[in-house]
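S.K.: Next input, structure requested:
(2 chains)
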Amino acid sequence: MKIVVLIPYDEYRRSAGARIRYGRLASALKSCGFELRLQTVGSFLPDRVDCDVLLISKCHDARSVIAAAVASRRGILVGVDLFDDYFSQVGDVRLAQYRWWLSELLQSSSFALSSTPKLERVVGEYSSNLPTHVLNDPAPEFSPAHLSEVLLSKLQKVRQTKRMGLAWYGMGDNLHFSVGLSDVAAFGPSLASLARDGLDVQLTILTNARALDADGLSRLRSLPVPVCVKEWSEAAEQEVLAESFATFIPVSVQAFSAAKSLNRAISALTAGCQVFSPGYPLYRRLQSFIYEAPELLLADVASESMKLRPETLPSLEQHIHEHASSETEAARLTRFLRSLPTRPVDGRPTVAVIHGRETTAEAHAFVRSAGGLSVASPFCDANLDFDVVFRSKRDGFSALLSKRARACLRNTAQWQRRRRLKGRSYYEVPVSPALPSGTIKPEMPLPMHVATYRRVIEAMQASMEELFGPCQVTVSEHSPFLSPLLP
Amino acid sequence: MAGPRKAIFLIDLVQDVGVLRPLICMATRDFPFDTHLLVSRTFGGRDRYGIWQKELDLICEETGAKQYPFSSDWQAHQVLDGSGLIVAASESHLANHSTTHSIFRHVPPTFLRVTLQHGFECIGFLHSADHDRAHGETASFGADIVCAWSSLDKLSSMARSQFGKVHVTGPTAVLQQHAAPPEGQDRSMGLVCENLHSVRLSGAEHLKTEFEESFSKFCKALSRSGKNVILRPHPGGQYALKNWAELPGNVRLDLAPMYRLNLKKFAYGISGPSSVLLDLLLAEIPTAVWRDQDNIIDAANYEGLTTVSSPSEWLDFADAATADPRPFIELQRSFLRRQKMVIEPAEVFGRYAELFAWALHADLK
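M.R.: Modelled structure (predicted):
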């Protein structure tokens, strides 16, 4: 069976998510008879792709929704892979676009994967009878014999030199949540307890460059231990984990953080690092290896009995086998995928994208190349050769149809008058659904768009059905203030 | 083993070069600091003619200091390892100073952060009415220490929350003054300084025109007696260069840094309310403050100095100053005494040296 993972852009292949979640799984899947490859959404042709399973990974825009609709019509099993929680915060209007995207995508989905049980429950809130499966992040390869030597060596070094190297690594910032370096600063005072009794503690921070602006860097200033900051790379992470005695992985209680996988702790443990994780007990499944209080870590250094030590490696291996083994995860995933009912091939309905106030040329090109219709709403001012342009008037809407769209009309006898718009020829047809009174134009102030958005989008969706028959219509909207979900 | 203590100087505005230059020399010549100049990317954009970059290159050549350009906080941060002191000539919470302020926010606690007063009227130290209108009545600093020119009671715009940071040092300009020119050298030329870009003249374009017209008529009158004038635009604003169509024939532009210009060779100096007036006063040449005819521009902080408005007043001042500078000098000395400003070079040197010595030996963490 062939699995295509749809990714947002080429750089994504080198991200931790793609590398850990798909890179480590690929060869184990191959042993189970499944071939996995990644493809960027920009070059994806859903009406021509040769695959059995299409897995959507963080492509948070209309293109993936269209890809899912077209692929599922062809009988391909479509699923979404969630490993970040942008979907459970129903009170946060900033994230409405994510919630809209997921609810649209699930309409064409046969299944959903998630990295944690928490995220699996989030999917359940959107679609209670959609088959779901928890796909744990696989651990890196490691040798217990080598790890045993590393653990002994690191402990001896700390006891002899009285120096303890700590590491924090990961994404230092997030566009929507205070995480990363914010967590380091918030839980930083707990490090003060480590740096006592003559122990010289140094923290190495390894993170993305975007997080290292004045705000991010200033958060580190108040830490009670000396800090060395480096820009993250895979090689740098391996080097820092090899040198560090322990990792400092504080976790806040917000939904986004509490839904994260075991991946960072597993990476630390398999590199021979103790894990000090104050805050939310994210790593409870690895409880026997996690320090939640600095005093316990110090006590174990003094008694030379660390939670992660040669004697506990068999237990670590067992945990990894249960929660982070690429072979186990590949076997479970393939069993799950084979259990899914096949999807019937369906020639209908038409797919279409309605473009909102802020859209992209990429969404327009994508839906056209997938054989669908590109539709401009009255909020949209983009200068693109749309198939359908809705224009509002005082007494209602009219739809301007391109020659291409005209050929898809359900009722070709509908009255059509020729029009020109931005140098392009269209045929005007009246549409009947009730609309908010008053004309809506792209250049209107944002608050007026906010006030009318949802009703206008719903009216256009109804109009599309009236004109073209059953339609799978989604919305391409990148304005943070507008969403069909918002009242 | 820890390396030598660092002295880091932030260069963002072109004016920073002149203010920091004496301290860069001190850090390398008189103290064993490992000295670095962190130069912002926007500095290059402001340095229209490359004058100030040449100065930085010369400073580095003369002192052994190293330059590091930076275009992001992360780039700057990577130079901020170790310990020592970091000095900014223009820093505050205001948007204009965001580059240096941001660095002060994240520099490690092993560095002592120092902000200098860079002008007589200076944000957070002493404001004009226009500063208050544009920026508010006070400002706060990311620095641990702010080096002021005068005692705290003369810093009417210092926020109470910042009082504890004040260390009175005097202006760095007195550490790089020229000697008086030899007797017999021609001292008939006048110097006019222009700062028409200033916030004082925001929204008052007619005042800029008034200055330009007065200057033009003044120069024409001087040319009838064969006299010349040096015009010095403010290095940061350079309003005359950017906006005036032409200069009178007896005017020569001077764009060199102030410390390269021996002010003592001039018969007199005229400027609108601006910190350059202090440079003229410290050089002990007759100095007049230009006021607009309607007294719209606030010059309250310069009360007690000679003022000129109309072209005839400019001319009368120039003639009187050339004929006998002594009454003007006396008036100006009295003004300086009232400011309670530290201006003796040895005293200023000693106060900065005290700060440097502390930064060299303190247990910074």
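S.K.: ok, now which ones touch the residue of the stretch 151-300 of chain B found nearest chain A?
M.R.: Closest residue of the stretch 151-300 of chain B to chain A, C-beta to the nearest C-beta: B:Lys165 (17.1 Å). For the C-beta atoms, the positions are set from N, CA and C on the backbone; glycine is no exception. By C-beta atoms under 8 Å, 6 or more residues apart in numbering or on different chains, the residues touching B:Lys165 are B:Phe141, B:Ala143, B:Asp144, B:Ile145, B:Val146.
S.K.: Quick check: which element contains A:Ser27?
M.R.: Using DSSP states H and E, A:Ser27 maps to helix A:24-31.
S.K.: next one: B:Gly44
M.R.: Using DSSP H and E, B:Gly44 falls in helix B:41-46.
S.K.: Buried ones in the next helix or strand after that helix, by neighbour count?
M.R.: Following helix B:41-46 in sequence order, the next helix or strand is helix B:51-63 (DSSP H and E). The neighbour-count check on helix B:51-63 (16 or more other C-beta atoms under 10 Å in any protein chain shown) flags B:Trp52, B:Gln53, B:Glu55, B:Leu56, B:Ile59, B:Cys60, B:Thr63 as buried.
S.K.: what's the distance between the fifth one and chain A?
M.R.: Relative to chain A, B:Ile59 is positioned 27 Å away (criterion: C-beta to the nearest C-beta, to the nearest Å).
S.K.: Give me the pLDDT value at that residue.
M.R.: Reported pLDDT at B:Ile59 in the predicted model: 97.
S.K.: still on that earlier bit, how near is the residue of the stretch 151-300 of chain B closest to chain A to B:Ser92?
M.R.: Per C-beta to C-beta, to the nearest Å, B:Lys165 is found 12 Å from B:Ser92.
S.K.: which residues do those two both contact?
M.R.: With C-beta under 8 Å, 6+ apart, B:Lys165 and B:Ser92 have common neighbours B:Phe141.
S.K.: got the CA coordinates for the lowest-mean-pLDDT helix or strand in chain A in CSV?
M.R.: Lowest on mean pLDDT, DSSP states H and E among the helices and strands of chain A sits strand A:396-401, with a mean of 86. What follows is strand A:396-401 as a C-alpha-only set of coordinates in CSV (Å, rounded to 0.1, in the frame of the first residue of the first chain):
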residue,chain,number,x,y,z
GLY,A,396,-29.4,40.6,-4.0
PHE,A,397,-26.5,38.9,-5.6
SER,A,398,-25.5,38.1,-9.0
ALA,A,399,-22.9,35.6,-10.1
LEU,A,400,-20.5,36.2,-13.0
LEU,A,401,-19.5,33.0,-14.6
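S.K.: Check which helices and strands it sits against.
M.R.: On a contact count with 3 or more C-beta pairs under 8 Å, 6 or more residues apart in numbering or on different chains; DSSP states H and E, strand A:396-401 meets strand A:388-393, strand A:424-431, helix A:446-468.
S.K.: Tell me which of these lies nearest to chain B.
M.R.: So among the helices and strands packed on strand A:396-401, helix A:446-468 is nearest, using C-beta to the nearest C-beta, at 25.1 Å.
S.K.: Can you give me the buried ones in that closest one?
M.R.: Neighbour counts over helix A:446-468 (16+ other C-beta under 10 Å) mark A:449-450, A:452-454, A:456-457, A:459-468 as buried.
S.K.: Around chain B, which positions in the stretch 151-300 of chain A sit nearby?
M.R.: Counting by C-beta under 8 Å from any C-beta of the partner chain, the residues of the stretch 151-300 of chain A close to chain B are A:Ala209, A:Leu212, A:Asp213, A:Ala214, A:Leu217, A:Ser218, A:Leu220, A:Arg221, A:Pro226, A:Val227, A:Val229, A:Glu231.
S.K.: Rebuild those as JSON lines, extending it with neighbour count, pLDDT and secondary structure.
M.R.: Formatted as JSON lines, these follow (neighbours: other C-beta atoms under 10 Å in any protein chain shown; pLDDT from 0 to 100; DSSP: H, G, I helix; E, B strand; the rest coil):
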{"residue": "A:Ala209", "neighbour count": "13", "pLDDT": "95", "secondary structure": "helix"}
{"residue": "A:Leu212", "neighbour count": "26", "pLDDT": "97", "secondary structure": "coil"}
{"residue": "A:Asp213", "neighbour count": "18", "pLDDT": "97", "secondary structure": "coil"}
{"residue": "A:Ala214", "neighbour count": "20", "pLDDT": "97", "secondary structure": "helix"}
{"residue": "A:Leu217", "neighbour count": "26", "pLDDT": "97", "secondary structure": "helix"}
{"residue": "A:Ser218", "neighbour count": "19", "pLDDT": "96", "secondary structure": "helix"}
{"residue": "A:Leu220", "neighbour count": "21", "pLDDT": "95", "secondary structure": "helix"}
{"residue": "A:Arg221", "neighbour count": "14", "pLDDT": "92", "secondary structure": "coil"}
{"residue": "A:Pro226", "neighbour count": "15", "pLDDT": "93", "secondary structure": "coil"}
{"residue": "A:Val227", "neighbour count": "20", "pLDDT": "95", "secondary structure": "strand"}
{"residue": "A:Val229", "neighbour count": "24", "pLDDT": "96", "secondary structure": "strand"}
{"residue": "A:Glu231", "neighbour count": "14", "pLDDT": "96", "secondary structure": "strand"}
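S.K.: Downstream of the helix or strand where A:Cys228 lies, the next helix or strand is which one?
M.R.: A:Cys228 belongs to strand A:227-231 when assigned by DSSP H and E. Moving toward the C-terminus from strand A:227-231, the first helix or strand encountered (DSSP H and E) is helix A:234-243.
S.K.: what sits up against that following helix?
M.R.: Outside of helix A:234-243, the residues within contact range by C-beta under 8 Å, 6+ apart are A:14, A:19, A:150, A:165, A:167, A:169, A:204, A:206, A:230, A:247, A:267-268, A:271-273.
S.K.: Show me the strands in the stretch 151-300 of chain A, by range?
M.R.: A:163-170, A:200-207, A:227-231, A:246-248, A:274-276, A:290-291 (DSSP state E, counting those that start in this stretch).
S.K.: ok now the shortest one, how far from the chain's centre?
M.R.: Which is strand A:290-291. How far strand A:290-291 lies from its chain's middle: 28 Å, per C-alpha atoms, centre = their mean, to the nearest Å.
S.K.: and if you look at the first one?
M.R.: For strand A:163-170, the gap between its own C-alpha mean and the chain's C-alpha mean amounts to 27 Å (C-alpha atoms, centre = their mean).
S.K.: How about the second one?
M.R.: In terms of C-alpha atoms, centre = their mean, the centre of strand A:200-207 is set 28 Å apart from its chain centre.
S.K.: Going by neighbour count, which residues of that strand are buried?
M.R.: Residues of strand A:200-207 classed as buried by neighbour count (16+ other C-beta under 10 Å): A:Val201, A:Leu203, A:Thr204, A:Ile205, A:Leu206, A:Thr207.
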